[in-house]
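J.: the sequence and its predicted three-dimensional model are supplied below.
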Amino acid sequence: MEPTGARPPGAAASALDAELRLSRGEFTLDVALEAAQGEILALLGPNGAGKSSVLRALAGLVPLTGGHIRVDGRDETTTPVERRPIGMVFQDYLLFEHMSALDNVAFGPRCQGMSRADARERAAGLLAHMGLSDHARTRPRSLSGGQAQRVALARALAVRPRLLLLDEPMAALDASTRIDVRARLRHLLEEFEGATVLVTHDPLDAMVLADRIAVVEGGRVVQQGAPAEVARRPRTPYVARLVGLNLFRGQAEGTTVLLDGPGGDDGAGVEVREPHSGRALVAFPPRAVALYPEHPHGSPRNVWRLTVDGIERFGDQVRVHLAGRLSLAADVSPAALAELGLERGDTVWAGVKAAEVECYPG
Ligand SMILES: Nc1ncnc2c1ncn2[C@@H]1O[C@H](COP(=O)(O)OP(=O)(O)OP(=O)(O)O)[C@@H](O)[C@H]1O
């Protein structure tokens, strides 16, 4: 068998260079992804966006109708699944029930032609690294969810992959196990030399684990960037909700952005810090919105009269949803809410300082 794990001399630094086009029933996927050596790319997106399809296509489990997959500069587009230099942890690709944890991890190296003793030695090393030496002989059904997940990770790494694919690796875990597995995973991925593509629903996983985030919606990449950039400058309503910002699109002229109104009407104007021109996005956090019973005089540059659409608890704050010429969320303290005496249907003045508004090309 050809040693698929070896990197040809002079190969490009890009560990993953993929263009994936495929159809699954009505759904079409068309995305381009790149990742450098050691880079962790998180795919974030709503249900049915195509995240799992990306991983399955990279793994060779779903055929492409167009595009290519290069790993370490080598074309793997048509390489059979079992010969791709890829390690995977998929939700529905769990452990072999009839094998011990050790044999589960040793299985891949054995398939690659390694001797039984060497494969077991490598497996034992990986299990030790995952803090699972005491469970080497344990069958999967006797492991906890977190332990089974760690065995699955060890198994994925045992084949010395050049690309690691992780599909919601923590989705099935309870909150405290998740914290533990997330920390271990982070540590493990820091040592992994290849590229990792991690699918998640959870923005926290993406923020904590990833070097870069690609947001997938409707089979397309709608935003890509460093986690901090995505969190600060969302480009779609889905991303804005995920990172907890109010987001609007409009037309900028100088320091005013005239928002696109509902039904094509002109919406409200928003004053921003720096002058801009052309299509623009504006974003600000709900905690930057102050509420007033009367039109406030003085500091806030942006003031709108809006109607209370809903009120909900949000951590130690209260989130007030407001609608009118624009819809936004405001976070206020329970004391402030009590003082305002707001109820659904009441009108209130909402103010945001221009300095709190992030404005960027839309
Ligand atoms: N085996 C299949 N046959 C036909 N269509 C499929 C199949 N699997 C998935 N799809 C469709 O492909 C689209 C993308 O699904 P995919 O599982 O890739 O999305 P996802 O972003 O991973 O979603 P989720 O977060 O819910 O797992 C969906 O519209 C889904 O209905």
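T.: Good, I have the coordinates. Numbers count the residues shown, from 1 in each chain.

J.: contacting residues for P275?
T.: With contacts defined as CB atoms under 8 Å, 6 or more residues apart in numbering, the neighbours of P275 are A252, G254, T255. The way it works is simple: take the backbone N, C-alpha and C, and place the C-beta from them, glycine included.

J.: highest neighbour count among those residues?
T.: A252 (23 neighbours; other CB atoms under 10 Å).

J.: any residues of the stretch 101-250 of the chain in contact with the ligand? List them.
T.: The stretch 101-250 of the chain comes close to the ligand at residues H201, as judged by CB under 6 Å from any ligand atom.

J.: then the stretch 251-362 of the chain?
T.: Going by CB under 6 Å from any ligand atom, none of the residues of the stretch 251-362 of the chain are near the ligand.

J.: from the middle of its chain, how far away would the helix of greatest length in the chain be?
T.: Longest helix in the chain by number of residues, with DSSP state H as the criterion: helix 175-191. For helix 175-191, the distance from its own C-alpha centre to the chain's C-alpha centre is 16 Å (CA atoms, centre = their mean, to the nearest Å).

J.: if we can go back for a sec, reformat the contacts of P275 as JSON lines; add secondary structure.
T.: What follows is the contacts of P275, written out as JSON lines (DSSP: H, G, I helix; E, B strand; the rest coil):
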{"residue": "A252", "secondary structure": "strand"}
{"residue": "G254", "secondary structure": "strand"}
{"residue": "T255", "secondary structure": "strand"}
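
J.: list phi and psi for G45.
T.: Comment: the main-chain dihedrals of G45 come out as phi 180, psi 160, following degrees, to the nearest 10.

J.: sorry, back to before: nearest to the ligand, out of the contacts of P275: which one, please.
T.: The shortest separation between the ligand and any of the contacts of P275 is 32.9 Å, and it belongs to A252 (by CB to the nearest ligand atom).

J.: and that closest one, bridged to which residues?
T.: Using DSSP bridges, the bridge partners assigned to A252 are V257, G278.

J.: is it true that it touches E274?
T.: No - counting by CB atoms under 8 Å, no contact exists between A252 and E274, whose distance comes to 9.8 Å.

J.: list residues touching both of those two?
T.: Both A252 and E274 are contacted by C359, under the criterion CB under 8 Å, 6+ apart.

J.: can you report phi and psi for P296?
T.: The phi and psi values for P296, taken as degrees, to the nearest 10, are phi -80, psi 150.

J.: to clarify, my last question referred to A336.
T.: Comment: the main-chain dihedrals of A336 come out as phi -60, psi -40, following degrees, to the nearest 10.

J.: could I get the contacts of P275 as TSV with pLDDT?
T.: Converted to TSV, the contacts of P275 look like this (pLDDT from 0 to 100):
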residue	pLDDT
A252	95
G254	94
T255	94
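
J.: dump these to TSV, plus distance to A49.
T.: Written out in TSV, the entries for these read as follows (distance: CB to CB, whole Å):
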residue	distance to A49
A252	29
G254	37
T255	35
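
J.: tell me the first helix or strand C-terminal of the helix or strand bottoming out on mean pLDDT in the chain.
T.: When each helix and strand of the chain is scored by mean pLDDT, DSSP states H and E, helix 175-191 comes last, with a mean of 83. Moving toward the C-terminus from helix 175-191, the next helix or strand (DSSP states H and E) is strand 195-200.

J.: so which bits of that next one are buried?
T.: Along strand 195-200, these residues count as buried under the neighbour rule (16 or more other CB atoms under 10 Å): A195, T196, V197, L198, V199, T200.

J.: just checking, what packs against the longest helix of the chain?
T.: Contacting helix 175-191 under the criterion 3 or more CB pairs under 8 Å, 6 or more residues apart in numbering; DSSP states H and E are the following elements: helix 145-158, helix 203-209.
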